[in-house]
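**Student:** Here is a sequence with its predicted model. Questions after.
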Amino acid sequence: MKNFGFIIFFSIVLVLYALINYYIIRRGLSVISPGSSLRMCLIIGVSFMAMALLAGRFLEKVSVNWFTATLIWVGSFWLGIMVYLLLQFVLIDLVRLLNIIFGFLPVLSNPESTRKILAIMVIFITGIIVLAGHINTWFPVVRNIELEVDKNGGKNDTLHIVAFSDVHLGTTIEKRHLSIMVRKVNALKPDIILIPGDIIDEDIAPVINNNVGEILKQLQARYGVYAVTGNHEYIGGVTAAKKYLAGHSVELLNDTALLIEDSFYVVGREDLTMKQFTDGKRKELSEIMMNLDRSKPVILMDHQPFKLEIAEQNGVDLQLSGHTHHGQLWPFNYITKLVYELSWGYKKKGNTHYYVSSGIGGWGPPMRTVNRPEIISIELNFTK
């Protein structure tokens, strides 16, 4: 039954994806003269790019090589290109429809020439957006936050936390990207490094094949590196992901609480998708925290920022989440704002601080057009 629901969802996504690509092909053909060989080139080209990501992901499970990597890169870029072609074509068709109703545009002497000019403009605008969005992924920004917790921090008056989420290590986010991230994180000289989920993208084979874990081992913090699972660890195979991360200096907190230096707790929850991909069910936060000394600071990592009030009800001082990417591509940020109470950034409820990261890597299109990839540097001051 669990798999049946996933199959239905995946089928709907595939049908929608096919319809969007069909629409793009039809709009492209309307610009090309009948009988031109460019018509067949357009059909074959769009069809190839539309199928490339699915083909690459499938073949990657058999063998990781330059061919599968090329398919994934082509298909991933196409997702972003597709979005911005679709938005512009829909806008043009909407204007055309309104013009049929209200007749506000002048009569064109050469409609065919106008269509070709529009087509060139659409391609140019899409190219600029995609290029700028891709360049953006290589330059993560550090966001500095100072917070107060009215508790005794034991051996620490201040705890310097550096956090980043949603790395999505795989074919498109690999050693070069991760090296930039690790250098920036280590330069901040953190006391502790926290990673709230989605370190691995999907299939772990490219990560193993390219020995990306050697870069993960370079992360340095006085109290170590801790993480939780995200939905993508489960999508790609959670057992292999956990084993790989544990073998490369990342300690996973699987529905557990860890007392560090008898001073503060770090609590990690399994991802919500655990029940969809395994026979298990994640523990309730109240169960995980049952025997904790609530007079000590409690820092929680929970990948998906649903039901924020649960952390507040259980006396958590700081919750770190990710997952949303804040949409990653405009205008999807408006959708994540509707879905989540906090799609991105800082919020306080009662005595609990929350930060939802937009992520440092990305899923699908190797581009960001709505925000910067980010590293969060938190100075947590203990006032008792």
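**Tutor:** Yep, that arrived.
**Student:** isn't I376 right next to E146, touching?
**Tutor:** No - if you go by C-beta atoms under 8 Å, I376 and E146 don't touch, sitting 11.8 Å apart. Glycine gets a C-beta too; all of them are placed from N, C-alpha and C.
**Student:** Of those two, which one has the most company?
**Tutor:** Under the neighbour definition other C-beta atoms under 10 Å, I376 and E146 were set side by side, and I376 has more, 24 against 10.
**Student:** quick one: that one is in a helix?
**Tutor:** No - using DSSP: H, G, I helix; E, B strand; the rest coil, the assignment for I376 is strand, not a helix.
**Student:** Tell me the bridge partners for the residue nearest to it when sequence neighbours are not counted.
**Tutor:** Distances taken as C-beta to C-beta, 6 or more residues apart in numbering put A163 closest to I376, at 4.6 Å, once the chain neighbours are dropped. Bridge pairing for A163 (DSSP bridges) gives the partners L194, I376.
**Student:** show me the contacts for A163.
**Tutor:** A163 is in contact with 193-196, 320, 355, 357, 375-376, 378, counting by C-beta atoms under 8 Å, 6 or more residues apart in numbering.
**Student:** how close does it sit to I193?
**Tutor:** 7 Å (C-beta to C-beta, to the nearest Å).
**Student:** circling back: okay, among the contacts of A163, which ones form the most distant pair?
**Tutor:** The distance between the two most remote of the contacts of A163 (C-beta to C-beta) is 14.6 Å, for I193 and Y355.
**Student:** that older thread, state the distance from the residue nearest to I376 to I260.
**Tutor:** Distance from A163 to I260, by C-beta to C-beta: 15 Å.
**Student:** again with T114
**Tutor:** 66 Å.
**Student:** And I44, by the same measure?
**Tutor:** Using C-beta to C-beta, I44 is found at 57 Å from I260.
**Student:** okay, those two: which has more neighbours?
**Tutor:** Legend: neighbour count by other C-beta under 10 Å for I44 and I260, higher for I260 (21 against 10).
**Student:** and the closest residue to the more buried one other than its chain neighbours, what does it touch?
**Tutor:** Closest residue to I260 in three dimensions, ignoring its sequence neighbours and counting by C-beta to C-beta, 6+ apart: Y223, at 5.4 Å. When contacts are counted by C-beta under 8 Å, 6+ apart, Y223 is found next to 191-192, 260-261.
**Student:** Show the buried residues in those.
**Tutor:** Applying a neighbour-count criterion of 16 or more other C-beta atoms under 10 Å, the buried members of the contacts of Y223 are 191-192, 260.
**Student:** buried ones in stretch 277-294?
**Tutor:** For stretch 277-294, by 16+ other C-beta under 10 Å, it's 277, 282-283, 285, 288-289.
**Student:** Point out the least confident one among these.
**Tutor:** Minimum pLDDT for these is recorded at F277 (86).
**Student:** OK, contacts around the residue nearest to that one when sequence neighbours are not counted?
**Tutor:** The shortest distance from F277 to any non-neighbouring residue, by C-beta to C-beta, 6+ apart, is to Y234 (4.3 Å). Y234 sits next to 271, 273-274, 276-278 when contact means C-beta under 8 Å, 6+ apart.
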